[in-house]
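[1] Just to be clear, the model below is a prediction. Sequence and coordinates:
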Amino acid sequence: MNNLLKISNLSFKYEGEHILKNINFENSTGKLTGVIGPNGAGKSTLFRLITGTLKPTNGEIVIAGQNVSELSIKNRAKLVSLVPQNPEIPSTLSVYETVLFGRHPYTNFLGWENKKDLDATNKSLKLTKIEHLGKRKIQTLSGGEKQKVLISMSVAQNTPITLLDEPTSNLDIDNQILILNTIKNLQKNNHSFLISLHDLNLASLYCDELILLSKGKIITIGTPKSVLTEDNIKKAYDTEIKILEHPVYNTPIITPIISNPSK
Amino acid sequence: MIFPWKYTLLSLIILCSIMVISISIGPVYISSFEILKIITNKLQIIEIEKSWPQSFESIILNIRMPRVFLAGIVGLALSISGASYQALFKNPLADPYLLGIASGAALSVTIVMTQFENSSLITNFIPVSAFSGAIICVTATYYISTKQHGSTNTLILSGIAIASITQACTSFLMLYSNPDLRPLLSWILGGFASAQWDQILIIGPYILISTIISISISKYFNLIQLNQEHSQQLGLNTQKIKLIIVINSSINTAAAVSFAGIIGFVGLICPHIIRNIFGGDYRNIIPLSGIFGAILLVLSDTISRTILNPVEIPVGILTALFGGPFFLYLLAKTKNQN
């Protein structure tokens, strides 16, 4: 399915100020698209608009042919899932019970699951390679394992697109790689992801496409090679950098230039 | 985990056994076997030759059974509403007593009883007035605590402040009430000494419906533990579900307070113990802590009416005696976790 996500003329104002202005982009199935930009660029607002938590001031968001703002809260949850940046998961729940939350959009009006939901939960535990953690309590997990549980929950939600808000923040390099590899593996099943990342080198390494945001506007969209240029980064972040080439993957690597005479 | 049938049935069997033992204990000891014979005979299930004195029938059917049944359903209601408020406020220290909800319901009942003492409809009107008091107090407690950033401790402190104010008003009303009415009002301090079948018939349906609703929506109790944006993203209308929980739990609390007065800490202790044994899934916590609440209150009432025989201690004093230190333990534990 092409044009899985289509955003047209999207603007959002808060207290009279434009947080996002005239955003347009399309995203096709099976892509891992990174949303990058400095703090306050509007990445989280863009995600909240796509999930329907916020209503746009102007424009529309269409996912799989359906306008997000016209859908019921439950139908919206069947189209787009979210891995939030600061989740609150009850620490005494087991991993299995937490992943089962992802099946909520498909449950009856009392929210009770059937066998199909239990099977889907087992499948998503398997896909994210955390079956062995099923019975463990959330409070006993490491940061990386918790993040995998959240990703597994979004897989159980079985939506055509998943939004990941800074999934690697607060993680060590090994866990950052582990999480991004898990996402890359899921992408092979034709699942689409929109991921916001602060680490530009990880974004360059893993994403098929990047959207560079600054001050609520899109600076540019394209492959990591076309987006991560010295000019674009200067424009978005107001920071001097040099671009190198990754010795193995030939992707751009960002190296900051610091104005410290002693170096 | 869908519904804990096995544990629910097992705990129901324990509850029934404890109820029978409790009915047998009193100034006159009546054996469990005889109790079962009397009940079977009364229900006309099978024909049994009457081998017991008439006074036994009266003691069991009119005095001890209504008392034990009232203690059981009040324990169930308080424990389930405690668990529900804990889920709603994401706070393990929430309890209908500590949040001032029970005291608000009691004040409302006192107002109705002192102001409309001659009305014949007063008994039926008690649960409704208790509900209005409960709703006003839970709203006030929540509003005050959110003004202070809604932390664990401010919620409890607001509740204690509301409870103090409403309890002071209740005491004032009792002091200036008709002297003939004062013995009738004494149950507000917490106890089952004046339990009657009529009272069970009035509050029973409220507690039954409210309990069924709580168990049915217990999955939502789990979902609202996530942050609001995340649970909405999973397709949950959080505002609607929170409103249902607050109304339903307040009905349960109000029904419990209507004829048993203020009995503290049951709603705090039971869900906590169940959570420690069975984990954080509210589909376990709601039904099992309800039954555990019934067991705890039937046991507490049995102890309170027998330990200093012939003097009876109000059961509220006994639960506070055990619940107070338990609350302090939880407070210390929460502080350490923070």
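    Perfect, thanks for sending it.

[2] counting contacts, what elements does the one helix or strand residue B:301 maps to pack onto?
    In this assignment (DSSP states H and E), residue B:301 forms part of helix B:282-306. If you count contacts as 3 or more Cβ pairs under 8 Å, 6 or more residues apart in numbering or on different chains; DSSP states H and E, helix B:282-306 packs onto helix B:5-24, helix B:65-89, helix B:197-216, helix B:218-223, helix B:266-278, helix B:315-337. Glycine gets a C-beta too; all of them are placed from N, C-alpha and C.

[3] how close does residue B:324 sit to residue B:265?
    Plainly put, residue B:324 is 7 Å away from residue B:265 if you go by Cβ to Cβ, to the nearest Å.

[4] can you check residue A:80 too?
    The spacing between residue A:80 and residue B:265, counted by Cβ to Cβ, is 44 Å.

[5] ditto for residue A:199
    Separation of residue A:199 from residue B:265 (Cβ to Cβ): 50 Å.

[6] With neighbour numbers in mind, choose between the two.
    Of the pair residue A:199 and residue B:265, residue B:265 is the one with more neighbours under other Cβ atoms under 10 Å in any protein chain shown, namely 25 against 18.

[7] And residue A:118, what's its pLDDT?
    Residue A:118 is assigned a predicted lDDT (pLDDT) of 93.

[8] What about it, how many residues nearby?
    Other residues near residue A:118 number 14, with proximity taken as other Cβ under 10 Å.

[9] interface residues of chain A facing chain B?
    Proximity of chain A to chain B, by Cβ under 8 Å from any Cβ of the partner chain, involves residues A:48, A:51, A:53, A:73-78, A:80-82, A:84, A:86-94, A:97, A:101-102, A:104-105, A:107, A:110-113, A:137, A:157.

[10] Mark which of those residues are buried, thanks.
    The neighbour count (16 or more other Cβ atoms under 10 Å in any protein chain shown) marks A:48, A:51, A:53, A:73-74, A:76-78, A:80-82, A:84, A:87, A:89-90, A:92-94, A:97, A:101-102, A:104-105, A:107, A:111, A:113, A:137, A:157 as buried among those.

[11] Now go through these and say which are in strands.
    Using DSSP state E, the members of those that fall in strands are A:80, A:81, A:82.

[12] between those, which is nearest chain B?
    Set against chain B, the nearest of those by Cβ to the nearest Cβ is residue A:82 (4.4 Å).

[13] Need the pLDDT of that closest one.
    With respect to pLDDT, residue A:82 scores 93.

[14] which one is it nearest to, not counting chain neighbours?
    Closest residue to residue A:82 apart from its sequence neighbours, by Cβ to Cβ, 6 or more residues apart in numbering or on different chains: residue B:233 at 4.4 Å.

[15] burial of the one you found, as a residue count?
    Residues lying near residue B:233 (other Cβ under 10 Å) number 29.

[16] Can you classify residue B:132 as helix, strand or coil?
    Assigned with DSSP: H, G, I helix; E, B strand; the rest coil, residue B:132 falls in the helix class.

[17] Next up, the contacts around the nearest residue to residue B:210 once chain neighbours are set aside.
    Excluding the flanking residues, the one nearest residue B:210 by Cβ to Cβ, 6+ apart is residue B:252, at 4.3 Å. With contact set as Cβ atoms under 8 Å, 6 or more residues apart in numbering or on different chains, residue B:252 has these partners: B:77, B:78, B:80, B:81, B:84, B:206, B:207, B:210, B:211, B:214.

[18] wait, which of those is closest to residue B:12?
    Nearest to residue B:12 out of these is residue B:211 (Cβ to Cβ; 12.9 Å).

[19] which residues does the closest one contact?
    Residue B:211 sits in contact with B:76, B:77, B:80, B:252, B:290, where contact means Cβ under 8 Å, 6+ apart.

[20] And the buried ones among those residues, selectable in PyMOL?
    Per 16+ other Cβ under 10 Å, the buried members of the contacts of residue B:211 correspond to this PyMOL selection:
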select buried, chain B and resi 76+77+80+252+290
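
[21] could you dump the contacts of residue B:211 to CSV with pLDDT?
    Listed next are the contacts of residue B:211 as CSV, based on pLDDT from 0 to 100:
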residue, pLDDT
B:76, 97
B:77, 97
B:80, 97
B:252, 93
B:290, 97
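
[22] Kindly reformat the contacts of residue B:211 as TSV containing distance to residue A:62.
    Shown next, in TSV, are those (distance: Cβ to Cβ, whole Å):
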residue	distance to residue A:62
B:76	50
B:77	49
B:80	44
B:252	45
B:290	47
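
[23] Assess the claim that residue A:85 and residue A:168 are in contact.
    No: Residue A:85 is beyond contact range of residue A:168, at 10.3 Å (criterion: Cβ atoms under 8 Å).

[24] which of those two has more neighbours?
    Neighbour totals were compared for residue A:85 and residue A:168, and residue A:168 leads with 24 against 14 (other Cβ under 10 Å).

[25] got a list of what the residue nearest to the more buried one when sequence neighbours are not counted touches?
    For residue A:168, ignoring the flanking residues on the chain, the nearest one in space by Cβ to Cβ, 6+ apart is residue A:176 at 4.2 Å. With contacts defined as Cβ under 8 Å, 6+ apart, residue A:176 is in contact with A:168, A:199, A:202.

[26] closest to chain B among those?
    Among the contacts of residue A:176, and counting by Cβ to the nearest Cβ, the member closest to chain B is residue A:168, at 18.2 Å.

[27] residue ranges for the helices of the stretch 51-200 of chain A, please.
    Along the stretch 51-200 of chain A, counting by DSSP state H, counting those that start in this stretch, helices occupy A:73-76, A:95-100, A:115-127, A:143-156, A:173-187, A:200-206.

[28] so which of the ones you listed is the most packed in?
    helix A:95-100 (a mean of 25; mean count of other Cβ atoms under 10 Å in any protein chain shown).

[29] Give the other helices and strands that that helix contacts.
    For helix A:95-100, the contact count by 3+ Cβ pairs under 8 Å, 6+ apart identifies helix A:115-127, helix A:143-156 as packing neighbours.

[30] Out of those helices, which is closest to residue B:64?
    Comparing the helices and strands packed on helix A:95-100 by Cβ to Cβ, helix A:115-127 comes nearest, at 45.7 Å.

[31] so what's the residue positioned nearest the centre of chain B up against?
    What sits nearest the mean C-alpha location of chain B, by Cα atoms, centre = their mean, is residue B:78, with 2.4 Å. Contacts for residue B:78 (Cβ under 8 Å, 6+ apart) come out as B:96, B:102, B:252, B:253, B:256, B:263, B:266, B:267, B:293, B:297.

[32] ok, now residue A:180?
    A:167, A:168, A:202, A:205, A:206.

[33] Could you confirm residue B:35 falls within a strand?
    No: read with three-state DSSP, residue B:35 is helix and lies in no strand.

[34] count of neighbours near it?
    Neighbours around residue B:35, by other Cβ under 10 Å: 21.

[35] I'd guessed it sits against residue B:21; true?
    No: counting by Cβ under 8 Å, residue B:35 does not reach residue B:21; the two are 9.3 Å apart.

[36] Need the per-residue pLDDT for residue B:96.
    The per-residue pLDDT reported for residue B:96 equals 89.

[37] can you pull the contacts of it?
    By Cβ under 8 Å, 6+ apart, the contact set of residue B:96 is B:78, B:81, B:82, B:85, B:102, B:134, B:249, B:253, B:256, B:257, B:267.
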